[in-house]
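Peer 1: below are the sequence and a predicted model for it; my questions follow.
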Amino acid sequence: MDAINKLSFKDKLRSYKKHPGSLILLILVILSAIITAGVVLVLVGYILIMGIPNLSLDLFAWEYNTDNVSMMPAIINTILMTFYSLLLAVPIGVGAAIYLVEYAKRGNKLVSVVRITAETLSGIPSIVYGLFGYLMFAVACGLGYSLLGGALTLAIMILPLIMRTTEEALKAVPDAYREGSFGLGAGHLRTIFKVVLPSAVPGILAGVILAIGRIVGETAALLYSAGTIAQVAVNPLDSGRTLAVHMYALLSEGLYTDQAYATAVVLLVMVIGINALSGVIARKLAAK
């Protein structure tokens, strides 16, 4: 790859003339990148143009009412929902990935079953998770519409994502690290927590970032499990709407379209801020 990059422009043209298929693929890749970046820019620009003029201090009032339709309770509920969901999903997902990579024997049938199950769960629509969360946690477990029920539902939803990304991050750690640790007399468990996991932290954080994005932007699964009450869920058993559900509720009512666009701006800023903060943390940990 480095040799190709060092070629002069004329050499590249000769190469593409000999292999026209490479030129076609290059053009398709460039077009795909331009289209993807263009769609993202258009979406972000549209949200900012429609939402920023409608931002006001009333939207950040502590209590929600029909006059101010404040999003502050939803912002707090979103932060709480993200914390509870990650608290439930990350330890289980990382632990499952450690078992699959570090302890399970190659060719183990259990490993293949777990991986197939995780991939299947990743493809299930979020509305199905919402119905499952309602029947399982709200009805069967008696939690009702609650922040805890929503967090349990989202934890199941993001569990395959965290597990698979952590698994790939652990596989990317060179075996020489493990062999060096074993050679110095460290045990298997100590090697995992002192050598392997610190090296895989950037990859694990990448999965956590993706999971946060899905939690913050989820609506269908939370409508049936956490509810839509516009108040701060002080207790995990209280019902409360997140920011995405709040925006959906405003649009569905049809009376607060401008406020919904303003909510979309805040939601966008939250997602970008969380991703940027996580990226900074990942780079600092990787440098260490």
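Peer 2: Done, it's in. Numbering: from 1, shown residues only.
Peer 1: isn't residue 195 right next to residue 183, touching?
Peer 2: No. Counting by CB atoms under 8 Å, residue 183 is not a contact partner of residue 195; they are 11.5 Å apart. (C-beta placed from N, C-alpha, C; glycine too.)
Peer 1: more neighbours: these two, which one.
Peer 2: Applying other CB atoms under 10 Å to residue 195 and residue 183 shows that residue 195 carries more neighbours, namely 18 against 8.
Peer 1: element containing the nearest residue to the more buried one once chain neighbours are set aside?
Peer 2: Once flanking residues are discounted, residue 195 sits nearest to residue 181: 4.6 Å by CB to CB, 6 or more residues apart in numbering. Remark: residue 181 resides in helix 175-183, with elements defined by DSSP states H and E.
Peer 1: list the buried ones in that helix?
Peer 2: Neighbour counts over helix 175-183 (16 or more other CB atoms under 10 Å) mark 178, 181 as buried.
Peer 1: what packs against it?
Peer 2: Judged by 3 or more CB pairs under 8 Å, 6 or more residues apart in numbering; DSSP states H and E, helix 175-183 is in contact with helix 188-191.
Peer 1: buried set for the helix it packs on?
Peer 2: Using 16+ other CB under 10 Å as the test for burial, helix 188-191 gives residue 191.
Peer 1: same check, this time on stretch 197-207
Peer 2: In stretch 197-207, counting by 16+ other CB under 10 Å, buried: 197, 199-207.
Peer 1: which of the residues you listed sits closest to residue 116?
Peer 2: The closest of the buried residues of stretch 197-207 to residue 116 turns out to be residue 207 (CB to CB; 18.9 Å).
Peer 1: how about the helices in the stretch 101-250 of the chain?
Peer 2: Remark: helices assigned in the stretch 101-250 of the chain by DSSP state H, counting those that start in this stretch are 109-122, 126-133, 147-171, 175-183, 188-191, 197-216, 220-223, 243-253.
Peer 1: mean pLDDT added to those, as a markdown table?
Peer 2: As requested, the helices of the stretch 101-250 of the chain are arranged in a markdown table below (pLDDT from 0 to 100):
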| stretch | mean pLDDT |
| --- | --- |
| helix 109-122 | 82 |
| helix 126-133 | 90 |
| helix 147-171 | 91 |
| helix 175-183 | 84 |
| helix 188-191 | 85 |
| helix 197-216 | 86 |
| helix 220-223 | 88 |
| helix 243-253 | 87 |
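Peer 1: what does stretch 275-288 rub up against?
Peer 2: 198, 201-202, 205-206, 208-209, 212-213 (CB atoms under 8 Å, 6 or more residues apart in numbering).
Peer 1: and if you look at stretch 121-140?
Peer 2: For stretch 121-140, contacts defined as CB under 8 Å, 6+ apart pick out 143-146, 148-150, 152-154, 156-157, 159-161, 164, 218-225.
Peer 1: and the residues you listed, which of them are buried?
Peer 2: Buried by 16+ other CB under 10 Å: 143-146, 148-150, 152-154, 156-157, 159-161, 164, 218-225, out of the contacts of stretch 121-140.
Peer 1: average pLDDT across the helix or strand hosting residue 280?
Peer 2: Using DSSP H and E, residue 280 maps to helix 257-287. Mean per-residue pLDDT for helix 257-287: 81.
Peer 1: tell me the buried residues in that helix?
Peer 2: Using 16+ other CB under 10 Å as the burial criterion, the residues of helix 257-287 that qualify are 258-268, 270-271, 274, 278, 282.
Peer 1: got it, and stretch 129-138?
Peer 2: Buried residues in stretch 129-138, defined by neighbour count with 16+ other CB under 10 Å: 129-134, 136-138.
Peer 1: ok, the residues you listed vs residue 69, which is closest?
Peer 2: Taking the buried residues of stretch 129-138 together and measuring to residue 69 by CB to CB, the closest member is residue 130, at 23.8 Å.
Peer 1: for residue 98, which non-adjacent residue is spatially closest?
Peer 2: Of all residues not flanking residue 98 in the chain, residue 192 sits nearest, at 6.2 Å (CB to CB, 6+ apart).
Peer 1: surely that neighbour meets residue 102?
Peer 2: Yes. With contact defined as CB under 8 Å, residue 192 reaches residue 102; the gap is 5.7 Å.
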